[in-house]
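Asker: Please find the sequence and the predicted model below.
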Amino acid sequence: MNSQSNPVPVVRHAGPNLGMVAVVFTVLFIAGLYPVTIFGGMPYFPGPWESPAVIAKFFQLRPTAALICAFFHFGASISLGIFTATVVSRLQFLGARGPAGPYIALFGGLMTAFNMAGGASVLWATAHPGIAQHVTLTQALYYLSYGLGGPGFSVPLGLLIAGVCVPAAIMKLLPKWLWVFGLVLAVCGELSWLNLVFPKTLFLIPLTRFPGFVWLIATGFSLPKGIPRRSATPATQNA
């Protein structure tokens, strides 16, 4: 009479909440942008097309804003590194052990995080007293920071996104709209490499970065957290 079937137990991936880590990363990144934009006061952070005098003037007049930006972006880089390590571990837990995608995602995500930390450190150094009085030095440090935080952010971020989307699409781990959206972002990210020699392609960097925040958060909350025990690998079952 009591022939009711028992529910299949679920094995859950051990790790931080991917969606919340992505939210923390996004909040820290935007918090770092606020003081150096028009909302934080004038003058705001100069673009790479500005003259050396304009670039130096920003750091002379608003070093505190640059320091705050560097502080939050360094913290954001740590969050992105945690997200990368966790999402790759999650993909492997869910069965993506054969494809190269997770390893490409690992390389791209960690490179993005390291470049962010490097760019924030250069920005921190540029904001220190006495540096901005040397216009040529300030310009050199500014362009180094831009290279690390511009193409150095968007190109490897595209690899992170592509490395997650391809196995997720094959294994049906994400909604179709999300992995298609991710692949479009990945293409934009790789094309942003052109900005190093073609300044007019600058738009590809924010086109990858800001929609990328949406993708990271949506993927973090959408990627399955567990699998039925009967589908788990022997290593998982014995853990």
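Answerer: Nice, thanks for sending it over.

Asker: Averaged over its residues, which helix or strand of this structure has the lowest pLDDT?
Answerer: helix 234-237 (a mean of 40; mean pLDDT, DSSP states H and E).

Asker: Now do the buried residues in stretch 114-134.
Answerer: 114-124, 126-127, 131-132 (16 or more other CB atoms under 10 Å). To be clear about C-beta, it is placed using only N, CA and C from the backbone, and glycine gets the same treatment.

Asker: for the protein, what's the longest helix?
Answerer: Identified as the longest helix of the chain according to DSSP state H is helix 63-93.

Asker: so what secondary structure elements neighbour the next helix or strand after that one?
Answerer: Helices and strands here follow DSSP states H and E; after helix 63-93, the next one along the chain is helix 101-126. Counting contacts by 3 or more CB pairs under 8 Å, 6 or more residues apart in numbering; DSSP states H and E, helix 101-126 packs against helix 63-93, helix 135-149, helix 151-170.

Asker: Just put the ones you listed in JSON lines and tack on mean neighbour count.
Answerer: Listed next are the helices and strands packed on helix 101-126 as JSON lines, based on neighbours: other CB atoms under 10 Å:
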{"stretch": "helix 63-93", "mean neighbour count": "21"}
{"stretch": "helix 135-149", "mean neighbour count": "18"}
{"stretch": "helix 151-170", "mean neighbour count": "24"}
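
Asker: As JSON lines, the ones you listed with distance to F221 and mean pLDDT would be great.
Answerer: Converted to JSON lines, the helices and strands packed on helix 101-126 look like this (distance: least, CB to CB, whole Å; pLDDT from 0 to 100):
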{"stretch": "helix 63-93", "distance to F221": "12", "mean pLDDT": "95"}
{"stretch": "helix 135-149", "distance to F221": "26", "mean pLDDT": "93"}
{"stretch": "helix 151-170", "distance to F221": "13", "mean pLDDT": "95"}
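
Asker: Ok, which of those comes nearest V214?
Answerer: V214 lies closest to helix 151-170 among the helices and strands packed on helix 101-126, at 11.2 Å (CB to CB).
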